[in-house]
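Enquirer: Next one to model:
(one chain, ligands or ions: 2)
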Amino acid sequence: MNRITADYHLHSAVSPDCNTPMEESCEAAIALGLTELVFTEHMEFFSDNFKRYSIPYMQEYFDDLARCREKYAGKLSLKAGVEMGQGHRDREWEKTILDRFHFDFVIGSVHKMDNVDMGKMAFADEEEKLRITDQYLDYLWELVDTCDFDSLGHIDLVKRYAANHGLKVDLMDYPDRLRAILKRLAERGLALEINTSGIRQSPKEALPSVAILKMFKEVGGRYLTVGSDAHFAKDVAADFETARQMALEAGFRHIALYEDRKPILVPIDEE
Ligand SMILES: [Zn+2]
Ligand SMILES: [Zn+2]
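Expert: Numbering: from 1, shown residues only. Ligands and ions are numbered 1, 2, ... in the order given. The predicted structure follows:
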């Protein structure tokens, strides 16, 4: 059945929105029989150098990673990762970080627009929801068109925040813009992430839906990565069987793991 044994998106206490020590999630992963984890700590980018994350912040991650690599050697492979939020807002700093540190895997995500986190936006009514979604699609396009990353994180994240306010967003309602984003991703040889956090949060479905995965396949997408986006040890590899079934339903027979920022395809459809 080829279960997925690598979680390519999770956070530890290095990230500002997480209090779980790296060891706790490593131990949960070993107990689940996983073989590989990529802690992808947040590195948020802002326009006008507003609130840059520091080099010591990133160094703290590599210190924790070195400690855990030693502690769990032979039990768990720990690749070096990062989740870069809206890197196109400060490309100079993006380059500085990527030159300074050695990453195996980089997620590109959009969390903030005009330096404001989508989670803090009001989503007061339909009109505001449409305005936020419109701007979100612009940000996604710019990120996918220009940024230096390997996999696009939670492509329809806006649906989580809309759902928190009882509103529904489906990027399939913007087929031309969505197709252009997915096509550019495919052309650049980049991956699309299946992020299972939505299943346990308000949207009650993965980010993205199978329909979006199918569109990615149609436009020539080859690489999928799978991540839980766990901020707690109990969520490591959560709903990965659902993610595997979604990938198969969309016509994918492999998922991608990364080393030195190069994809390695592993089958998910063997008996
Ligand atoms: Zn994220
Ligand atoms: Zn994340």
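Enquirer: Quote the end-to-end distance of stretch 208-227.
Expert: One end of stretch 208-227 sits 12 Å from the other (Cα to Cα, to the nearest Å).
Enquirer: Determine how far that stretch lies from the middle of the whole chain.
Expert: Between the centre of stretch 208-227 and the centre of its host chain there is 13 Å, according to Cα atoms, centre = their mean, to the nearest Å.
Enquirer: Now do the contacts for the closest residue to ligand 2 within the stretch 101-250 of the chain.
Expert: With Cβ to the ion, the shortest gap between the stretch 101-250 of the chain and ligand 2 falls at D229, namely 4.5 Å. C-betas here are computed from N, CA, C, even on glycine. By Cβ atoms under 8 Å, 6 or more residues apart in numbering, the residues touching D229 are 9-11, 153-154, 195-197, 235.
Enquirer: try it again with 6 Å
Expert: Counting by Cβ atoms under 6 Å, 6 or more residues apart in numbering, D229 makes contact with 9, 195, 197.
Enquirer: try A256
Expert: 191, 223, 225, 263, 265.
Enquirer: Run me through the strand neighbours of whatever helix or strand it lives in, direction for each.
Expert: A256 is located in strand 254-259, with elements delineated by DSSP states H and E. Using DSSP bridges, the strands paired with strand 254-259 are strand 262-267 (antiparallel).
Enquirer: hmm, back to that, let's see which of the contacts of D229 end up in strands.
Expert: 9, 195 (DSSP state E).
Enquirer: Just put the contacts of D229 in JSON lines and tack on distance to ligand 2 and pLDDT.
Expert: Listed next are these as JSON lines, based on distance: Cβ to the ion, whole Å; pLDDT from 0 to 100:
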{"residue": "H9", "distance to ligand 2": "6", "pLDDT": "98"}
{"residue": "N195", "distance to ligand 2": "8", "pLDDT": "98"}
{"residue": "S197", "distance to ligand 2": "8", "pLDDT": "98"}
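Enquirer: What subset of the contacts of D229 is buried?
Expert: 9, 195, 197 (16 or more other Cβ atoms under 10 Å).
Enquirer: picking up where we left off before, of the contacts of A256, closest to A66?
Expert: Nearest to A66 among the contacts of A256: T225, at 23.6 Å, using Cβ to Cβ.
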